[in-house]
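K.L.:
need a 3D model of the following:
(2 chains)
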Protein chains: 2
Amino acid sequence: MSDHRSTPEASPVPVPAHEPPYYAVVFTSRPTEDREGYGETAEQMEELVKEVPGYLGMDQATAPGGLSITVGYFRDLAAIEEWRSNQEHRAAQKRGRAQWYESYSLHIAKVERSHAFDRGTAAPPR
Amino acid sequence: MSDHRSTPEASPVPVPAHEPPYYAVVFTSRPTEDREGYGETAEQMEELVKEVPGYLGMDQATAPGGLSITVGYFRDLAAIEEWRSNQEHRAAQKRGRAQWYESYSLHIAKVERSHAFDRGTAAPPR
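P.N.:
So this is what the prediction gives:
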């Protein structure tokens, strides 16, 4: 598994396009002003999800004063279900609704096509 | 169509969960340092995509010094294909590869399940 996001300070690289089909879980949230405990829990979850068989990677971006988008990639629905029902993750979800999120949307989607570009490898345009 | 993102300064709200099936297009990029013309083009594209029948909305987050994630939602593949082949959009894509993106991944995914939470309406946890 890639550990390209293990240090938040490192220049991040998008999770690569895997061979379809696989799943994307898009979690888009508007945070509350209360960030107490959030960073610590987010780091714990980022480590914990790596233990889920079929986990492919995660991308995350938070705009200052704006939305936060996290996209997790999984091989299949069974992997998503395992992550969804993880007890520590469930506790974090509950705390998120109580404390950290003003609102959010969650979309579970089966990737049918994907494509990657890297300036260094000069992938041809499509 | 919602215009909740028409002013970048307004507190953004995630695109709501629509009734599945619909499609999510996840575009995750690592920008180059060259931002010349980028903001203007991004704004043009954001207006232009609204004209595509079946376009449902878009969420965007850019982490300072980090990744940029844009998720566009569409009713079906036909809507995505129309947007993909739009001439102005194609020109912007080409300029993006030449100038604005170090690397990116694009995932086209069919949403099978979705869920929304809003503190104000106290949606029940799942």
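
K.L.:
for chain B, what is the nearest residue in chain A?
P.N.:
residue A:109 (3.5 Å; C-beta to the nearest C-beta). (Each C-beta comes from the backbone N, C-alpha and C, glycine too.)

K.L.:
any idea of the angle the helix or strand harbouring that residue forms with strand B:101-118?
P.N.:
Using DSSP states H and E, residue A:109 maps to strand A:101-118. Counting by axes from the mean of the first three to the mean of the last three C-alpha atoms, to 10 degrees, strand A:101-118 lies at 160 degrees to strand B:101-118.

K.L.:
what's strand A:101-118 packed up against?
P.N.:
On a contact count with 3 or more C-beta pairs under 8 Å, 6 or more residues apart in numbering or on different chains; DSSP states H and E, strand A:101-118 meets strand A:22-31, strand B:22-31, strand B:101-118.

K.L.:
redo that, cut-off 7 Å
P.N.:
Judged by 3 or more C-beta pairs under 7 Å, 6 or more residues apart in numbering or on different chains; DSSP states H and E, strand A:101-118 is in contact with strand A:22-31, strand B:101-118.

K.L.:
quick check: beta-bridge partners of residue A:26?
P.N.:
For residue A:26, the beta-bridge partners are residue A:71, residue A:107 (DSSP bridges).

K.L.:
before we move on, the earlier item: nearest to residue B:69, of the helices and strands packed on strand A:101-118?
P.N.:
If you check each of those against residue B:69 by C-beta to C-beta, strand A:22-31 wins as the nearest, at 8.9 Å.

K.L.:
can stretch A:14-25 be said to contact chain B?
P.N.:
Yes: residues of stretch A:14-25 are located near chain B by C-beta under 7 Å from any C-beta of the partner chain, namely A:14-17, A:24.

K.L.:
tell me the buried residues within those.
P.N.:
Taking 16 or more other C-beta atoms under 10 Å in any protein chain shown as the criterion, what is buried in the residues of stretch A:14-25 next to chain B is A:14-15, A:17, A:24.

K.L.:
want to throw the residues you listed into JSON lines with secondary structure and distance to residue B:44?
P.N.:
Formatted as JSON lines, these follow (DSSP: H, G, I helix; E, B strand; the rest coil; distance: C-beta to C-beta, whole Å):
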{"residue": "A:14", "secondary structure": "coil", "distance to residue B:44": "24"}
{"residue": "A:15", "secondary structure": "coil", "distance to residue B:44": "28"}
{"residue": "A:17", "secondary structure": "coil", "distance to residue B:44": "26"}
{"residue": "A:24", "secondary structure": "strand", "distance to residue B:44": "27"}
